[in-house]
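Visitor: Pasting the sequence and the predicted model now:
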Amino acid sequence: MNKQIRAIQTYFSIYSVVAPKMAARSSFKVFQKVRKKSIRPREAFFFDKTTKATLAYDSDTVDYYTLGNPAHPLVFLVHGWDSNAGSLSKIADKLLEMDRYVIALNLPGHAFSKKRSTNLLECKQAFKALLTAINPTEPFSVISHSFGSGVAAFALSETDYKVENLIFLTNPNRVEHIFEAFKDMIHLGPKAYTALLQLVEFKLGETIADVSVENKLKKVDFKSLVLIHDKYDKVLSYEHSVEVKKAFPAAEIVTFEKIGHYKMLWNEEVINACALRLN
């Protein structure tokens, strides 16, 4: 086990007993911290060939990138946690071949952002602000990865836009399950965990048991929903997609095996599966 992880576990095991409420606040800061990663060459190429724009909203800004002809059908790309818009560049290239207009954003706290932390609410607000600024008059599609699928579902649930295709390249579902896994990973004690959930519920303005991708999607006007997931995904369990599928019987699950959580974004079969569902 990583020494840093062991140190964090020891810290929260003790802190949870000594000062549970303070441990809860401290753990929430850890939960929101983004691991800054260097932009890889294949990701950097995406930023070089796209047109960048910066949108100011509320007290923040979001960078977004466009590729293709604005007269063509629109597809938004939403990346995952600890990632950037360039991680979806191979998918963007395929969309360009298909005469699609692509818009991708860097979520708050990611890529070139000066921020070091963020959360679902901030990222949801950023994507929602972008949707409002672009203000599509025709149905559009969204392809999202991992955490980005949650961002897309939460943002779209607060709009009246019509969505042609929603394609989730893995997705979370119940927020409560995400925090349960986090609690176990850092060894947060019971009292501290209860305090953490109370803090999260205050931020969300909802009971955490009710906060899920499937519930948000019930408020989204979409034509088709495709859930692409590796059966053995080690980052987001395949069961998240199974749960969403149960809530939406008409949705399609495309199951892969051993393609990885991140590597799937560069996998030809996955990219072709996305392209096929956009036709």
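Guide: In hand now; what should we look at?

Visitor: so residue 76, which of the three states?
Guide: At residue 76 the chain is in strand, as set by DSSP: H, G, I helix; E, B strand; the rest coil.

Visitor: need the contact list for it.
Guide: Listed by Cβ atoms under 8 Å, 6 or more residues apart in numbering, the contact partners of residue 76 are 103-105, 127, 130-131, 140-143, 152. Backbone N, C-alpha and C define where each C-beta goes, glycine included.

Visitor: With respect to residue 87, which of those residues is nearest?
Guide: Of all these, residue 87 sits closest to residue 104, with 9.4 Å by Cβ to Cβ.

Visitor: mind putting the contacts of residue 76 in JSON lines, pLDDT, distance to residue 59 and neighbour count included?
Guide: Putting the contacts of residue 76 into JSON lines (pLDDT from 0 to 100; distance: Cβ to Cβ, whole Å; neighbours: other Cβ atoms under 10 Å) gives the following:
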{"residue": "103", "pLDDT": "98", "distance to residue 59": "23", "neighbour count": "26"}
{"residue": "104", "pLDDT": "98", "distance to residue 59": "23", "neighbour count": "28"}
{"residue": "105", "pLDDT": "98", "distance to residue 59": "17", "neighbour count": "26"}
{"residue": "127", "pLDDT": "98", "distance to residue 59": "17", "neighbour count": "25"}
{"residue": "130", "pLDDT": "98", "distance to residue 59": "16", "neighbour count": "21"}
{"residue": "131", "pLDDT": "98", "distance to residue 59": "19", "neighbour count": "20"}
{"residue": "140", "pLDDT": "98", "distance to residue 59": "27", "neighbour count": "20"}
{"residue": "141", "pLDDT": "98", "distance to residue 59": "30", "neighbour count": "22"}
{"residue": "142", "pLDDT": "98", "distance to residue 59": "26", "neighbour count": "28"}
{"residue": "143", "pLDDT": "98", "distance to residue 59": "29", "neighbour count": "30"}
{"residue": "152", "pLDDT": "98", "distance to residue 59": "23", "neighbour count": "31"}
